[in-house]
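Chemist: For reference, the sequence and a predicted model appear below.
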Amino acid sequence: MPEGHTVRRQATRLLRVLGGRRVRASSPQGRFADGARLLDGRVLRSTDAHGKHLFAGFATSETARPDRWLHVHLGLYGVWLEQDHDPEGPEPPRGAVRLRLTAGSTTADLRGPTACEVLTAPQVRDVHDRLGADPLRRDADPEAAWQRLRRSRTPVGALLMQQDLVAGVGNVYRAEVLFRAGLDPHRPGSAVDREMWDRLWADLVALMRAGVRAGRIVTTRPEHRVRRSGPASREDAHYVYRRTGLPCRVCGTPVVAEPFVARTLYRCPVCQAA
DNA sequence: GCTAAATGTTGAT
DNA sequence: TCAACCTTTAGCT
């Protein structure tokens, strides 16, 4: 589930349902008992997303500035589950719930995150500082990313996944944006020209914004789908991601998959020729 | 019904 | 380089 667009949605959602309210925090699973205690009884004042990292600012009152932040990274399995319930209380936790946040009749359960911790302001700044340009953020600095990319011999397909370069891109957006650009993932960053980088960045901004709106990743243009009208079906959502052996939507060549930097890389060998 | 893989990162070896 | 985190789903039988 979680690439940058998902985390952005969750940040918005969390603020909408729990923002401005005094929150009960607990760790039914027990692993985050100390952290939950630090948040329990505080007011959720703000949320933010940078790449795949979510921050939630908690304060002592409805008007105070946040003085501690919940920092969550979902990793591969992590998930937020929200429930509406009557005032007597939420349903008992299902599965291993690391953190439960409740205000009024709304509860958000966090399960399976890679990171879940309470940070101070300087520590939050440290996390931001080691993250790169997020296509979903207004303060993103694609120029800095370009300056690093153009000096790197690392394949562009690997660079796009480096969160300190571009934040929020995962395996789906990586594969899809490279396909849409007609770019071989193995090409070194230094062999990507400025025009191509600008195109990649603009496409990431457009695709990820669409992902935030739709709540899912859709990268295909209608003319490349089996069903050309209406919302894209699950089968029609991607050009190459998880389409190993299926014909490329543009040229018909079977899509190939290969292990690449500890992940599976999908591409069309013709549309993305070296 | 079972197994493997999955949109990710960290920390140990 | 690999295990761990922890759950869901796709693809088998």
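Modeler: Now that the structure is in, tell me what you want to look at.
Chemist: which non-adjacent residue is nearest the single nearest residue of the stretch 1-150 of chain A relative to DNA strand C?
Modeler: At 2.7 Å from DNA strand C, residue A:95 is the closest residue in the stretch 1-150 of chain A, using CB to the nearest atom of the strand. Just so you know, the C-beta spots here come from the backbone N, C-alpha and C atoms, and that holds for glycine as well. Distances taken as CB to CB, 6 or more residues apart in numbering place residue A:111 nearest to residue A:95, at 5.4 Å, with adjacent residues excluded.
Chemist: Ok, residue A:174 next?
Modeler: Nearest non-adjacent residue to residue A:174 (CB to CB, 6+ apart): residue A:160, at 4.8 Å.
Chemist: list the contacts for the one you found?
Modeler: For residue A:160, the contact set (CB atoms under 8 Å, 6 or more residues apart in numbering) comprises A:166, A:169, A:173, A:174, A:177, A:178, A:200.
Chemist: Also residue A:111?
Modeler: Applying CB under 8 Å, 6+ apart, the residues near residue A:111 are A:77, A:78, A:79, A:81, A:95, A:96, A:97, A:98.
Chemist: now it: how far from residue A:96?
Modeler: Computed as CB to CB, to the nearest Å, the residue A:111 to residue A:96 distance reads 6 Å.
Chemist: cool, and residue A:201?
Modeler: 38 Å.
Chemist: Settle it for me: which of the two has more neighbours?
Modeler: More crowded of residue A:201 and residue A:96, by other CB atoms under 10 Å: residue A:201, with 19 against 12.
Chemist: which residue sits closest to the more buried one, ignoring its sequence neighbours?
Modeler: residue A:142 (4.7 Å).
Chemist: so what's the closest residue in space to residue A:269 that isn't next to it in sequence scoring on pLDDT?
Modeler: Among residues not flanking residue A:269 along the chain, residue A:256 sits closest, at 5.6 Å (CB to CB, 6+ apart). pLDDT recorded at residue A:256 is 92.
Chemist: burial measure for residue A:256, as a count.
Modeler: Counted with other CB under 10 Å, residue A:256 comes out at 16.
Chemist: tell me the phi and psi of it?
Modeler: phi -110, psi 150 (degrees, to the nearest 10).
Chemist: Residue A:143 too?
Modeler: Torsion angles, degrees, to the nearest 10, at residue A:143: phi -60, psi -40.
Chemist: Run a quick neighbour tally on it.
Modeler: Residue A:143 has 10 neighbouring residues, counting by other CB under 10 Å.
Chemist: The one 5 residues further on too?
Modeler: In terms of burial, residue A:148 registers 17 neighbours under the definition other CB under 10 Å.
Chemist: Please name the nearest non-neighbouring residue to the residue of the stretch 151-274 of chain A found nearest DNA strand B.
Modeler: DNA strand B sits closest to residue A:170 of the stretch 151-274 of chain A, with a gap of 1.9 Å, by CB to the nearest atom of the strand. Closest residue to residue A:170 apart from its sequence neighbours, by CB to CB, 6+ apart: residue A:3 at 3.8 Å.
Chemist: ok, that neighbour - contacts?
Modeler: A:52, A:168, A:169, A:170, A:172, A:173, A:208, A:211, A:217.
Chemist: Then residue A:189?
Modeler: Counted by CB under 8 Å, 6+ apart, residue A:189 has contacts A:148, A:149, A:150, A:151, A:152, A:153, A:154, A:155, A:156, A:159.
Chemist: what's the closest of the residues you listed to residue A:240?
Modeler: Of all these, residue A:156 has the smallest distance to residue A:240: 15.2 Å, by CB to CB.
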